[in-house]
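>>> Sequence first, predicted coordinates after that:
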Amino acid sequence: MPRNAIRSVLAHKARFLLSAAAVVLSVAFVVGTLLYGDAVTTSFNRAQARAQSDVAVKVEPDLRSTKLDDDVVARLRGLPGVAQVRPIADGYAFLVTKSGEVAGRPERAGGTSFDPGRHRLGAGQAPVGEDQVALDELTASRTGYRAGDRVRVIVNGVVHPVEVTGVFAADDPRLAAGGSLVAFDLRTASERFSPTPGGYTAVDLIAAPGVGQESIAKSVRGVLPPGFAVETGNSLNTVRGDDKLTSILLLFAGVALFVAVFLVANTFTMLATARARENALLRAVGASRRHVLRSVLAEAVVLGLVATVLGYALGIGVAAVLNSAFSVLNGPEVPLRVFGLGALGAALGVGVGVTTVAAYVPARRAAAVPPIAALRTGLAPTTKSLRRRNILGAVLFLLGAAVTAAAIDSQDLIYLGAPLLMLGLIVLTPWLAAGFTKVLRGPLTRLRGMPGTLAVENARRNPRRTAATATTLMIGLSVCAAVTVGISSAAAKDEDDARTGDNADVQITTIPFSDLSSGTVADVAKVPGVRAVSPLTPVAIDLGERRFLSVTAVDAASVRDFLPLTVRKGSLDDLDKGIAVSTATADRYDLGVGSQVTGAMRSVGAQDKPVTLPVVATYDVPESSGQAALVPVRLAPDTASPQTILVKAAAGQDPVQLRERLQKSLDNPVLTVRTKAEAAEAASSAAQSFLTILYALLSVSVLIGALGVVNTMTMSTVERVREIGLLRAVGLSRKLVRSVLRLESVVIALLGAGLGLLAGTGLGVVGVLSQDGIPVVVAWGQLGVFVVLTVVIGVLASFGPARTASRTPILTAIHADTE
């Protein structure tokens, strides 16, 4: 059986080629994702384990208000079995490169206290004092800095000119994830990173020889009050890989794989039809149904094995490309384990398992045809089988549509409704194909005459085949359309919020994970051309009983210049004396002018501040502004960091020129300075950039769909050699033969695109409607590009088959065994 299967595949290798290519792409996508994800996780966990290899117990504050200071360190140092106590101060520190950019990935820009036990000096000496730092080897090599250079380091939004005194080697998860590491002396690091004065962010305990980690942890818990987290070294080094990226990539690989299933199934269906006489002869000479079934499945296994080998090799290349892309993002090279057990298992499961499953139904159909009936080729499926399929498809589609519609009020239902709706649509596609081609017959006949009629009739001849081919395109394009509607709507919402959320001429924000210093407000106010400045500092007031009031600290004197507020009661002139709340907040907390708000005012990185504030005004504000309550900035905790700085230009001052002047004056790469128009454009472009990434991931699915159209046209042309020969014999020119096949290909492609765009757009609209406050935006331009792309796919898919068909000699075609 295996030998016969191999011979059969080799004999029909041209027919299997495109199906194999689809499986190869699917295997490569899955394998590349798993290999790269495993490499990143392994690298991260290895760095984490090495960084804490000698740590017996780590102690950290459980609350920002918990003091981890020298008194606590002294208590820990006196515990039995503790050989060494290592206080640590960690936080974010951004190193500025020679080109004026932030080194490494901003979310992994680490600042820490230098410790010889964790940081092994390779050059220079340890930093001493607030104007000295040491850099890790990877960052130093990437930026070109070395001991003795002057650099700029940004901590808490403040730029610090410092000297590099040394370069060290370190095992740190932040470096494994593409970040940087800047080390300060312990006192400086404590001042800049600890949430409490004179404190630390963690303390590592090193055990004496022979002392167990649990024993030390028990002693630590016994001497420390509540408010501290105590974790053993074994627990710290437990694998905690973050596989979000892998999961996302596998999701898109699953879409591509799902599309490939239809292509493989369609290939074996068409092969079963083309080889009906061969199978009939096997049955006539004594072969059983099981033998025919097993022979077809054996061919599928051979095809799957070949595709698995090729796909795995290509998957290694995909992983290498992902690894290279990670390095482009300033990350270290990640070692790839080329033959991971999980990747090998997945490759076999995808390549062999999925191919065999996809071929099972066509194999059963091939085995079920009686010998006498099978001697007549070109048998059409029975009406009864299509009727049952249509009934099942209608039930699934209507059920999915009902559940999807209900998702407008209950968003989670869309995860059930969308698959049901798409599955019903897939089952119904043969019926829809018959209707679609019937509608197209008149227009195509009028436009192209007999070639148009022949093209439509060829597509109508086998609705199952036409549907299976169209489905390969429909799935990929439906996902493209759904994400296009969703992200375009979100982008429009973000842009509108940026335009209407405030009245500032210029906005100053920071890159992610950085801070705005309070001193930046004063620096901005000094720039020529600035009329008014207001920070927006997010704080919260703990009202007790797990109730928190979100508040924004603003400049009380100029708040009306910056925020679109409509005062309902009271006056904002009194804001410097208390708090103003939106009408929605007033209703929610039962507040009014004259009421008092009492609680602890909190802000990230700041100590709690008890306050009792009278309500001085209530106001209406656009939802895009998001200002539930306002207090004067003088009442905010002293070390609270602004989130945004709003700037009003002086009369006659051009905002663009003011933005340029502010950028030059501040000279801080973690700050983002934009005019209002630029901020709106940036808000929209962020979503569009994400959409581009999704398109890139979905392109594999669309490519497999295009291969499906090419595959169908190629194999159907082989099946219709005699038919084409007869058409040529009665006067149809080579040009018209090519025209017929091109039109047929375009009809099939348009069917898939039409169904995919309609279904995807509908799902996208429902997804948007399930979100409060987001307008539905259908990006007709982008959807139109999909239609044009589909027509191009149809035309390109027909080139090879049409050229082959038109060049086949008439006499050869007429005497062919196929129709």
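It's in.
>>> can we go C-alpha only for contacts and neighbour counts from here?
Will do.
>>> Quick one: residues contacting the closest residue to V593 other than its chain neighbours.
With CA to CA, 6 or more residues apart in numbering as the criterion, V593 has its nearest non-adjacent residue at 4.9 Å, and that residue is V615. V615 sits next to 578-581, 591-597 when contact means CA atoms under 8 Å, 6 or more residues apart in numbering.
>>> If we use 10 Å, what do you get?
570-571, 574-575, 577-581, 586, 591-597, 629-631 (CA atoms under 10 Å, 6 or more residues apart in numbering).
>>> With T520 instead?
157-158, 508, 535, 642, 645, 666, 671.
>>> now swap in L694 and tell me
252, 479-480, 483-484, 688.
>>> Please identify which helix or strand holds V30.
Using DSSP states H and E, V30 maps to helix 13-51.
>>> before we move on, what about H160?
Going by DSSP H and E, H160 is part of strand 158-169.
>>> strands paired with that strand, and their directions?
Paired neighbours of strand 158-169 in the sheet (DSSP bridges): strand 120-124 (antiparallel), strand 132-136 (parallel), strand 150-155 (antiparallel).
>>> which residues does A629 contact?
539-540, 549-553, 579-586, 615, 617-619 are the contacts of A629 under CA under 10 Å, 6+ apart.
>>> go on, A617?
Here A617 is in contact with 567-575, 578-583, 586, 592-594, 629-630 (criterion: CA under 10 Å, 6+ apart).
>>> Report the buried members of those.
567, 570, 572, 574-575, 578-583, 586, 592-593, 629-630 (16 or more other CA atoms under 10 Å).
>>> And the next helix or strand past the lowest-mean-pLDDT helix or strand in the chain?
The weakest-scoring helix or strand in the chain, judged by mean pLDDT, DSSP states H and E, is helix 371-374 (a mean of 58). Using DSSP H and E, the helix or strand that follows helix 371-374 towards the C-terminus is helix 383-406.
>>> got the buried residues for that next one?
Here helix 383-406 shows 386, 389-390, 393-401, 403-406 as buried, counting by 16+ other CA under 10 Å.
>>> Quick check: which helices or strands does it pack against?
Where contact means 3 or more CA pairs under 10 Å, 6 or more residues apart in numbering; DSSP states H and E, helix 383-406 is packed against helix 414-448, helix 734-769.
>>> Next, the angle from that helix to helix 414-448.
For helix 383-406 against helix 414-448, the angle between stretch directions is 120 degrees (axes from the mean of the first three to the mean of the last three CA atoms, to 10 degrees).
>>> could you give me the average pLDDT of helix 383-406?
On average, the pLDDT along helix 383-406 is 85.
>>> One more: stretch 723-733?
So the average pLDDT for stretch 723-733 ends up being 72.
>>> Send me it as CSV with only the CA atoms.
C-alpha atoms of stretch 723-733 as CSV (Å, rounded to 0.1, in the frame of the first residue of the first chain):
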residue,chain,number,x,y,z
GLU,A,723,-14.6,19.4,-23.9
ILE,A,724,-12.1,22.1,-24.7
GLY,A,725,-11.0,20.2,-27.8
LEU,A,726,-14.6,20.0,-29.0
LEU,A,727,-15.1,23.7,-28.5
ARG,A,728,-11.9,24.3,-30.5
ALA,A,729,-13.2,22.0,-33.2
VAL,A,730,-16.4,23.9,-33.6
GLY,A,731,-14.6,27.2,-34.0
LEU,A,732,-13.7,28.6,-30.6
SER,A,733,-10.3,30.3,-30.9
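>>> what about it, distance to the chain center?
Offset of stretch 723-733 from its chain centre (CA atoms, centre = their mean, to the nearest Å): 52 Å.
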